[in-house]
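J.: Pasting a predicted model and its sequence here:
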Amino acid sequence: MASNSAHKSVTSDVPSGGLPAAVLWDMDGTLLDTEPYWIEQEHRLVESYGGVWSDEHAHNLVGNDLLVTAAYIREHSPVDLEPEALVDALQSGVIDRLREEVPWRPGALELLAELRSLGVPCALVTMSWRAMVDVVVAGLPEGSFDVVLSGDEVERGKPHPEPYLVAARELGVDVGDCVAIEDSVTGVASAFASGARTIAVPLVVQVPPRDGLTVLPSLAGVRAADLLPLTRAAGPQG
């Protein structure tokens, strides 16, 4: 895990509704519309080994720890690369696509910038590995994230709550006072189990409703002061 800057204290000019102690951002599918890039690389890799990949398989992998993804691909295709090499092959292709174009999701950059202007600490909590994360963070204004936690820096990835618990601890805040923003069933399960107030902005796969979960079509028009009123505290789910 790495800190990009020392987080600032929340300004006294707090809008109506108050502000969360921190906002914990997923990356793929939430901050960026990169899931099509991952799916494209999965198809390309499996087909290069003479196999056939389906959207059903691809959708089963959205939000997963990348070593879980590697195990699934090895089980359901002729690809016999070692798990770490398989992840590197997929991620290298996605990084190449990101160098061509970074597909930000609607409203994400605007909300992130407003949070930073108000001094609300932000963490990036992603299952992508550090090599890819560094490319994305380099394209953002310096100090956009106080903590960056990648999938190769945790022992247990999403849907386990560890990534969100570690991020909150690194920020020095109570996870129950944070808002997590996710796009996938796996990511929502991780955030929700950590006890964070959770917002889902589904993209590639639908996120079923559950008590205490807020589901939005996008972040377009969402302001910092909206985050707490949109959510309510959700106790740890185990």
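T.: Noted; the coordinates are in hand. Numbering: from 1, shown residues only.
J.: Identify the residues contacting P208.
T.: V185 (Cβ atoms under 8 Å, 6 or more residues apart in numbering). Where C-beta positions appear, they are placed from N, C-alpha and C, glycine not excepted.
J.: where does it fall, phi/psi-wise?
T.: phi -60, psi 150 (degrees, to the nearest 10).
J.: Looking at the residue nearest the centre of the chain now. What's its pLDDT?
T.: With distances taken as Cα atoms, centre = their mean, the residue of the chain nearest its centroid is D26 (1.6 Å). Looking at D26, its pLDDT stands at 96.
J.: Please apply the same query to the one 3 residues further on.
T.: Per-residue confidence for G29 comes out at a pLDDT of 89.
J.: now for the longest helix seen in the chain, which elements pack on it?
T.: Longest helix in the chain, counting residues (DSSP state H): helix 83-100. Using 3 or more Cβ pairs under 8 Å, 6 or more residues apart in numbering; DSSP states H and E, the elements in contact with helix 83-100 are helix 35-48, helix 66-76, helix 130-138.
J.: after that helix comes which helix or strand?
T.: helix 108-117 (DSSP states H and E).
J.: Contact partners for I39?
T.: Counted by Cβ under 8 Å, 6+ apart, I39 has contacts 55, 58, 204.
J.: Among those, which one has the most neighbours?
T.: Within the contacts of I39, most neighbours by other Cβ atoms under 10 Å means A58, with 22 neighbours.
J.: Quick check: closest non-adjacent residue to it.
T.: Computed as Cβ to Cβ, 6 or more residues apart in numbering, the closest residue to A58 that is not its neighbour in sequence is I39, at 4.3 Å.
J.: H57 now?
T.: By the measure of Cβ to Cβ, 6+ apart, the closest residue to H57 outside its immediate chain neighbours is H76, 5.8 Å from it.
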